[in-house]
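Engineer: Return a 3D structure for these sequence lines:
(chains A, B and C)
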Amino acid sequence: MGQPLFQIRDLVRRHNVIVKSSNYALYGDISRRVMTLIANEVPDSAIYSIDEIFIDLDNTPIDHDLWARDLKAKILRETGIPVGIGISTTKTLAKLANRLAKKSPKAKGVVVLDDQKWIDLALERTEAGDIWGVGRKFALKLASIGVTTARQLRDMPDTTARKMMTVGGLKTVRELRGIRCINLDDSPPQRETVCVSRSFGKEIDDREMLKEALITFAGRACSKLRRLNLVACRCQLFILSNRFKMDRQQFSRGCELTMTPATNDTRIASNLVGQNINRIWRNDLAVKKAGILMLDLCRPEDAPRDLFTGHCQLDNPLMKAIDQLEGRFGKDAVTVGRVSRSKVPDWFMTSTNRSPCYTTRWQDIPIVW
DNA sequence: TCTGGGGTCCTAGGACCC
DNA sequence: TCTGGGGTCCTAGGACCC
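Structural biologist: Numbers count the residues shown, from 1 in each chain, chains lettered A, B, ... in the order given. Just a heads-up that it's a prediction; the model follows:
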């Protein structure tokens, strides 16, 4: 979580800070370049997030420090991206090593934690809340029984850890002791949900406007599903109040819809939104955030079959055509008729400071004279 | 005035089954 | 008055991650 810009206006003005809002097309492309380079260098690896990858070094009896510095230099040379590398015996300790690599100027971007004496020292100097798997709430709970450092966290009894933070917390504690509890690739084989939601620049108190927004989200969600080659059997619409305005009525309303047969067709999802908007709408609401959640995902060929309503459509030429048009002319090149194209809708997010798509759009490629 | 989006996992509790 | 034992499934809520 960042700090809201309006809270630091002064700072920005005083120091001529350059403001950039996020551009995921750019980040995704840079990420892909770095990850591909790394994956080609090592026998086994698992991408964890857009800017993190875990590497298995079990069967590489080499000087890890030297090897990591070589890799770091190569990534910088070939992509221009500086990275930090942390090495240890478990994923949780490797994350800690990485943190130190980033923080300590002496480390120059690489830290190997393989000596118990150094591990003890590192844990002692790290707050429990800075350990991977310990969030704000758990950190508070731990502090209430006197556990504030990562070393105390490692040395706490299993039963206490389990009771306070359930099995996930216990795994974290054991990983700090050097016992592997999290495999290299613990990511689930297939996505379980797809969500598209937005906060609105201006609160919505008009049913038709909310409907238009939700239909747009439904279209985006379907497009995501198609990219993943998945269909959804259920979806959930939801609206939320502004949680920062505590003096006003707080609400969270939603409804769940069944899609039979399972689908990723934008038209069907849009129709469903239109037909069910009244189930969540009320005239006295000011809606700050809304979204659609796609649930019970499966591959089209595995979708449940229904005796009366027919099977899930395996091939959908119209949707394929829309995807191709969007790929070529940009998102929202094609929309369903329910959404007005005449103007930028009031609720649309403003991204006035967005970075250009330096590497994925011809118009945005930097020019060197 | 302005306050992010998208995920997973775990547990408790209720409803149901034999 | 007495009132079993062993399950599954679903949902809401709360925690975590980037």
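
Engineer: So residue A:11 lies in a helix, does it not?
Structural biologist: Yes. Assessed with DSSP: H, G, I helix; E, B strand; the rest coil, residue A:11 lies in a helix.

Engineer: just checking, it touches residue A:3?
Structural biologist: No. At 9.7 Å, residue A:11 does not count as touching residue A:3 under the criterion of CB atoms under 8 Å. All C-beta spots, glycine's among them, are computed from the backbone N, C-alpha and C.

Engineer: which one of these two has more residues nearby?
Structural biologist: Per other CB atoms under 10 Å, whichever of residue A:11 and residue A:3 has more neighbours is residue A:11, with 11 against 8.

Engineer: Report the residue ranges of every domain in chain A.
Structural biologist: Using automatic domain parsing, the domain parsing of chain A gives A:41-176, A:194-329.

Engineer: between these, which one is nearest to DNA strand C?
Structural biologist: For DNA strand C, the closest of the domains of chain A is domain A:41-176, at 2.3 Å, according to CB to the nearest atom of the strand.

Engineer: So what would you say the end-to-end distance of that closest one is?
Structural biologist: 28 Å (CA to CA, to the nearest Å).

Engineer: Wondering if that domain reaches DNA strand B at all.
Structural biologist: Yes. Against DNA strand B, domain A:41-176 shows contacts by CB under 7 Å from any atom of the strand at A:166, A:167, A:168.

Engineer: Near DNA strand C, which residues of the stretch 101-250 of chain A? Just list them.
Structural biologist: By CB under 7 Å from any atom of the strand, the residues of the stretch 101-250 of chain A that approach DNA strand C are A:132, A:133, A:134, A:135, A:136, A:137, A:138, A:139, A:168.

Engineer: now, which of those residues lie within helices?
Structural biologist: A:136, A:137, A:138, A:139, A:168 (DSSP state H).

Engineer: neighbours of the third one, just the number please.
Structural biologist: Spelled out, it's residue A:138. Residues near residue A:138, counting by other CB under 10 Å, number 22.

Engineer: how many neighbours does residue A:120 have?
Structural biologist: Counted with other CB under 10 Å, residues neighbouring residue A:120 total 12.

Engineer: and it, what element?
Structural biologist: helix A:116-124 (DSSP states H and E).

Engineer: now what about that helix, what contacts it?
Structural biologist: Outside helix A:116-124, the residues that touch it by CB atoms under 8 Å, 6 or more residues apart in numbering are A:88, A:93, A:96-97, A:100, A:113, A:149-151, A:153-154, A:176, A:178.

Engineer: follow-up on the earlier one: residue A:127: which of the residues of domain A:41-176 next to DNA strand B is nearest?
Structural biologist: Closest to residue A:127 out of those is residue A:168 (18.7 Å), distances taken as CB to CB.

Engineer: which residues touch the closest one?
Structural biologist: Applying CB under 8 Å, 6+ apart, we find residue A:168 in contact with residue A:133.

Engineer: now it: how far from residue A:139?
Structural biologist: 14 Å (CB to CB, to the nearest Å).

Engineer: Neighbours of the residue of the stretch 201-350 of chain A found nearest DNA strand B, how many?
Structural biologist: Here the stretch 201-350 of chain A gets closest to DNA strand B at one residue, residue A:244, 3.8 Å apart by CB to the nearest atom of the strand. Residue A:244 has 8 neighbouring residues, counting by other CB under 10 Å.

Engineer: what does the one 3 residues further on give?
Structural biologist: Other residues near residue A:247 number 5, with proximity taken as other CB under 10 Å.

Engineer: now the one 3 residues further on
Structural biologist: When neighbours are counted by other CB under 10 Å, residue A:250 registers 11.

Engineer: correct me, but residue A:191 touches residue A:295?
Structural biologist: No. Between residue A:191 and residue A:295 there is no contact under CB under 8 Å: 10.9 Å.

Engineer: which of the two has more neighbours?
Structural biologist: residue A:295 (17 against 13).

Engineer: Downstream of the helix or strand hosting that one, the next helix or strand is which one?
Structural biologist: Per DSSP H and E, residue A:295 falls inside strand A:287-298. Of the helices and strands lying after strand A:287-298 in sequence (DSSP H and E), the nearest is helix A:317-329.

Engineer: Now that next one: average pLDDT?
Structural biologist: Across helix A:317-329, pLDDT averages out at 89.

Engineer: buried residues in that helix?
Structural biologist: Going by neighbour count (16 or more other CB atoms under 10 Å), the buried part of helix A:317-329 is A:319, A:322, A:323.

Engineer: Now for the first one: which residues touch it?
Structural biologist: To tie it back to what came earlier, the one meant is residue A:319. A:222, A:226, A:264, A:265, A:266.

Engineer: Pretty sure the second one sits against residue A:264.
Structural biologist: In this case it means residue A:226. Yes. The criterion here is CB under 8 Å, and residue A:226 meets it with residue A:264 at 5.0 Å.

Engineer: thinking again about what came up before, quick check on the contacts of helix A:116-124: which are buried?
Structural biologist: For those, a neighbour count by 16+ other CB under 10 Å gives the buried set as A:88, A:93, A:96-97, A:100, A:113, A:149-151, A:153-154, A:176, A:178.

Engineer: how about those in JSON lines, adding secondary structure?
Structural biologist: Shown next, in JSON lines, are these (three-state DSSP):
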{"residue": "A:88", "secondary structure": "coil"}
{"residue": "A:93", "secondary structure": "helix"}
{"residue": "A:96", "secondary structure": "helix"}
{"residue": "A:97", "secondary structure": "helix"}
{"residue": "A:100", "secondary structure": "helix"}
{"residue": "A:113", "secondary structure": "coil"}
{"residue": "A:149", "secondary structure": "strand"}
{"residue": "A:150", "secondary structure": "helix"}
{"residue": "A:151", "secondary structure": "helix"}
{"residue": "A:153", "secondary structure": "helix"}
{"residue": "A:154", "secondary structure": "helix"}
{"residue": "A:176", "secondary structure": "helix"}
{"residue": "A:178", "secondary structure": "coil"}
